[in-house]
Every structure is written in structure tokens, then in C-alpha cells.
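>>> Sequence and predicted structure below; questions after.
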Amino acid sequence: MKKVSLLFTLTVIMILGCSEGDVVVEESKPVGEIVIRYEDNNGNNLHDSEIHNDVQGHRIFTAKKIEGFELMEGHKSEVNIEVTKEGQQHEHIFLYKEALLTIEQATDLILKKVYHRHLHDSMDSNDSAVTIDEGTVYIGDNNGFYFSSIYEVGNKTFYRFEDLERKDTKGAISFLCAQTGELYLEHYLSFISGVDITNFEYEMYMGEKIYAISVDSTTLPSEEKVDRLYYATELGLNHDSYDLITEFMVPDVISNDPVASLLNQKISEVEEKTGGELIEQTEGYGNVVKGEKFQVFFAEPNSNSSLIALEKGAEIFGARVGKTFDEIEEILGKGADRYIDTHFGVYVMQYEVVHLTLYFYSETEDGPTATARIS
């Protein structure tokens with residue numbers, strides 16, 4: 001037995017290249033922890049995180065398939081993570097974005113959602129129901145549509161389709177969200193309501209927020225390219241021109257305001273709305289109806305109201321008389337003229353609201369306002 005044991009020992013020593021008496025110990029691999037997360041490009045968790053304890057050496061992890069999402073461009077679906085130090089902690093995030101419908105899938109949805117009646121009529125008349133030629137979809141002999149372009153707006157992608165019969169007039173435009181399949185038909189920019197606007201900057205205009213939303217419309221014809229869309233969320237209005245959207249907003253802004261809406265009204269209407277007291281033949285002006293902290297003036301007994309004077313504490317478009325010019329500007333927006341009325345010796349901030357003019361008056365340049373008027 002001793003000879004066998006000695007022979008075995010010598011063999012092991014020769015194989016390992018060690019001298020007799022050396023102790024051979026195989027080095028153990030370090031152990032660590034690996035955490036795998038699944039998130040969208042906004043940092044939202046799409047799946048429960050996985051915590052892998054006691055990982056020794058390296059391990060391969062594969063991204064999960066998550067319904068409605070796909071991996072972001074440039075992100076590998078498989079990663080090999082190695083623990084190189086004892087107790088080491090690794091974290092890997094598989095980053096996803098909402099999966100996009102293909103243009104072919106979007107075309108099929110447009111066909112079913114928008115042209116279902118034409119499709120049904122065509123099938124009843126034994127016409128060739130649907131034919132596709134170079135991206136244009138023909139339904140029967142007289143109807144059809146075609147894919148026009150792509151809008152990248154915020155975190156959404158929209159496919160634009162146009163009606164074949166009205167191709168030259170840019171009419172009957174449909175937008176389909178490539179992430180959700182939701183359809184927008186009401187207006188050629190109606191799809192903007194489907195965009196997450198929380199990360200976009202906004203400006204105030206007469207107490208309303210107007211968001212400036214950047215647009216990538218590189219696939220559009222040059223005459224239709226837009227870099228920015230303006231969206232008044234509370235009023236549901238949008239346009240690619242800031243000047244025009246403010247003009248379109250004014251009727252709603254005025255009608256929604258309890259004071260400004262009293263302009264161009266008859267005496268009886270103002271009395272009914274305010275419960276105010278009519279004072280006839282005021283000095284320097286016609287009749288006046290007194291409301292709470294404001295007065296509505298009428299040049300003649302049978303004329304409509306043409307001027308409203310506001311006292312301290314009254315509000316118009318969300319701005320309260322008594323605030324400073326700077327504070328009012330934060331609510332009503334920039335663009336007001338500021339100057340000194342040398343005749344009365346007061347400071348004035350003046351807004352032009354399309355066909356109306358709004359004034360705030362203060363005794364000092366940066367002090368509280370004392371009165372206001374709109375006419």
C-alpha cells in the first residue's frame with residue numbers, strides 16, 4: 001500500500017509541476033450579487049427586478065419579452081456579467097421603448113377604422129375590394145388613401161395618412177399613433193392631445209398655459225415641415241403658429257372669465273350676471289353697473305358695455321389687482337408694454353389682447369398695482 005501511495009503522490013507532483021512538499025490549493029472564484037432591472041426610457045419599471053445572490057464567476061442574462069415594448073436601439077438582448085471581486089454588486093438595466101406598429105399594420109388599421117364603410121360598399125358591389133399600388137390603397141374604383149409621412153413628437157410617433165380623392169387639397173387627414181394604434185381625425189394637429197407634454201416648456205397667456213412641443217418632421221415635404229407645435233391644454237387648442245393660437249384662444253379666454261365676459265353686453269345682461277346695482281348718468285361716462293370690486297360702463301343707456309374698471313382685490317384672467325407687474329406677468333405672460341403715464345403720474349402695464357386692451361396701474365414701478373381696466 002505504501003508503494004502505491006508514494007507512486008500516486010509522485011505522479012500528482014509531476015503533473016502539477018510542483019516540488020515535493022508543496023501544497024496545491026485551487027483558487028476559489030469570488031462571489032457577488034447581480035441585480036437585473038427592466039425599465040422604459042422614462043425610468044418606469046416594466047417588470048419586477050431580479051436579484052441574483054451568490055453569483056460566482058460570470059453569468060449570462062437575457063432580456064425578457066414585454067408585451068407592447070421592444071429594446072431601445074443599441075441595447076443588447078443578452079449580457080454576460082462577471083463578478084471579479086468578493087462581495088461585488090452589479091446592476092444592469094434592460095432599457096425598452098414602446099413597440100411601434102409597422103406602416104403595414106397601421107395601414108390595415110386605417111382601412112378598418114376609417115374606410116370600413118367604403119370597404120363594405122365595395123364588397124357588396126362585387127368590385128375588387130382592396131388593391132395596393134406603390135403604397136396607395138385603392139378601395140373599389142373610387143376610394144382610397146395613402147401613407148404620407150411620419151411625425152416624431154415628444155415620446156410618440158404618428159403616421160399620417162391622406163385621402164386619395166382629396167390629395168391635392170390636403171384634406172381628410174388621419175393620424176395613427178404608432179405606439180398605441182389610437183386614431184386622430186378631428187383636426188390636422190389633433191394628434192397632439194396624445195403626447196405626454198409634462199417635459200415640455202410652457203408660456204403663460206392670459207392665465208392659460210401654452211406648451212411649446214418640439215417636432216421631428218423630417219419625412220414631411222419641405223412646405224409642411226414644422227419644428228414646433230403650440231398646445232393650449234385646458235382649451236384643447238393647438239397650432240404651429242404662436243401668434244395664431246393666441247388669437248384663437250381669446251374668445252374662449254374671455255368667455256371663461258367672469259369679469260372680461262361682461263364686455264359687449266347689455267345692461268340687463270350685466271345686471272343679471274352680477275346682481276350689480278345700476279347707476280344712471282355717471283359723471284364723465286354713461287351708465288354703470290357696480291359689481292363686487294369692479295364697475296361696468298355703458299356709453300349710452302341702450303349701448304353694450306365698453307369698459308370695465310377693476311379695484312384692488314378684483315381678478316381678471318387669474319391676475320389679481322394688488323399684485324406687482326412682475327407677478328402679473330407670471331400669470332398673463334410676457335409681451336406687455338410698461339411705461340409712465342406722465343399726465344396722471346402713474347406706472348402702466350398694458351396688454352393687447354387681440355381686439356381688447358388691458359391696463360394695470362401702480363403708483364411705483366415695482367410696487368403693488370392699485371387699479372386696472374379693460375376695454
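Yep, it's here. Residues are numbered from 1 along each chain as shown.
>>> alpha carbons only for contacts and neighbour counts from here, please
Will do.
>>> Where does the prediction get shaky in the stretch 101-250 of the chain?
Across the stretch 101-250 of the chain, the stretches falling below the confidence threshold (pLDDT under 70) are 116-130, 133-135, 140-142, 165-172, 186-190, 217-226.
>>> let's go with 80 and repeat that
Counting by pLDDT under 80, the stretch 101-250 of the chain contains low-confidence ranges at 111-146, 148-149, 154-155, 162-173, 185-196, 198-199, 214-229, 235-236, 238-240.
>>> where along it do the helices fall?
103-113, 116-124, 242-256 (DSSP state H, counting those that start in this stretch).
>>> Same list (those) but as TSV, adding mean neighbour count and distance to Thr84.
Formatted as TSV, the helices of the stretch 101-250 of the chain follow (neighbours: other C-alpha atoms under 10 Å; distance: least, C-alpha to C-alpha, whole Å):
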stretch	mean neighbour count	distance to Thr84
helix 103-113	16	46
helix 116-124	15	61
helix 242-256	15	57
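>>> among the ones you listed, which is nearest Ser28?
Taking C-alpha to C-alpha as the measure, those were each checked against Ser28, and helix 103-113 came out nearest at 54.1 Å.
>>> And this structure, split by domain according to the record?
32-98, 103-254, 261-374 (automatic domain parsing).
>>> in this protein, which residue is closest to the centre?
In the chain, the C-alpha closest to the average C-alpha coordinate belongs to Ile197, at a distance of 2.0 Å (C-alpha atoms, centre = their mean).
>>> Please report the distance of that one from Gly32.
42 Å (C-alpha to C-alpha, to the nearest Å).
>>> Could you do Phe248 as well?
62 Å.
>>> And the strands in the stretch 101-250 of the chain, which stretches?
Secondary structure of the stretch 101-250 of the chain (DSSP state E, counting those that start in this stretch): strands at 130-133, 136-139, 143-153, 156-163, 173-177, 183-184, 202-205, 208-216, 228-232, 237-239.
>>> so what strands line up beside the last one?
Same thing as strand 237-239. strand 228-232 (antiparallel) (DSSP bridges).
>>> and the angle for the partner strand with strand 143-153?
In this structure, strand 228-232 runs at an angle of 90 degrees to strand 143-153, with axes from the mean of the first three to the mean of the last three C-alpha atoms, to 10 degrees as the basis.
>>> closest one to Lys293 among the helices of the stretch 101-250 of the chain?
Taking C-alpha to C-alpha as the criterion, helix 242-256 is the member of the helices of the stretch 101-250 of the chain that comes nearest to Lys293, at 18.4 Å.
>>> And that closest one, what does it pack against?
Here helix 242-256 touches strand 237-239, going by 3 or more C-alpha pairs under 8 Å, 6 or more residues apart in numbering; DSSP states H and E.
>>> on that earlier part again, wait, which of the helices of the stretch 101-250 of the chain is closest to Leu176?
Ranking those by distance to Leu176, with C-alpha to C-alpha as the measure, places helix 103-113 first at 7.0 Å.
>>> ok and that closest one relative to strand 173-177, angle-wise?
In terms of direction (the same axes, to 10 degrees), helix 103-113 departs from strand 173-177 by 120 degrees.
>>> Helix 103-113: how far from the chain's middle?
Helix 103-113 sits 25 Å away from the centroid of its parent chain (C-alpha atoms, centre = their mean, to the nearest Å).
>>> about what we covered before: backbone phi and psi for the residue nearest to the centre of the chain, please?
Torsion angles at Ile197 (phi, psi; degrees, to the nearest 10) stand at phi -100, psi 0.
>>> so it makes contact with Ile213?
Yes: under the criterion of C-alpha atoms under 8 Å, Ile197 lies in contact with Ile213, with a separation of 7.4 Å.
>>> Any chance you could list residues touching both of the two?
Gly154 (C-alpha atoms under 8 Å, 6 or more residues apart in numbering).
>>> partner residues bridging Glu277?
What pairs with Glu277, by the bridge criterion (DSSP bridges), is Lys290.
>>> so how many other residues sit close to it?
Burial of Glu277 is recorded as 13 neighbouring residues (other C-alpha atoms under 10 Å).
>>> Relative to Asp257, how far out is it?
Glu277 sits at a distance of 20 Å from Asp257 (criterion: C-alpha to C-alpha).
>>> likewise Gly236?
Separation of Gly236 from Asp257 (C-alpha to C-alpha) stands at 17 Å.
>>> Spatially nearest residue to Asp163 (excluding sequence neighbours)?
Spatial nearest neighbour of Asp163, excluding adjacent residues (C-alpha to C-alpha, 6 or more residues apart in numbering): Phe145 at 4.4 Å.
>>> any idea how far the one you found is from Leu176?
Distance, Phe145 to Leu176, using C-alpha to C-alpha: 13 Å.
>>> tell me the contacts of the residue lying closest to Leu176 once chain neighbours are set aside?
Once flanking residues are discounted, Leu176 sits nearest to Leu183: 4.7 Å by C-alpha to C-alpha, 6+ apart. Taking C-alpha under 8 Å, 6+ apart as the criterion, Leu183 is in contact with Ser174, Phe175, Leu176, Cys177, Phe191.
>>> Spell out which two among these are the most distant pair, please.
That would be Ser174 and Cys177, which, of the contacts of Leu183, are the farthest apart (C-alpha to C-alpha) at 10.1 Å.
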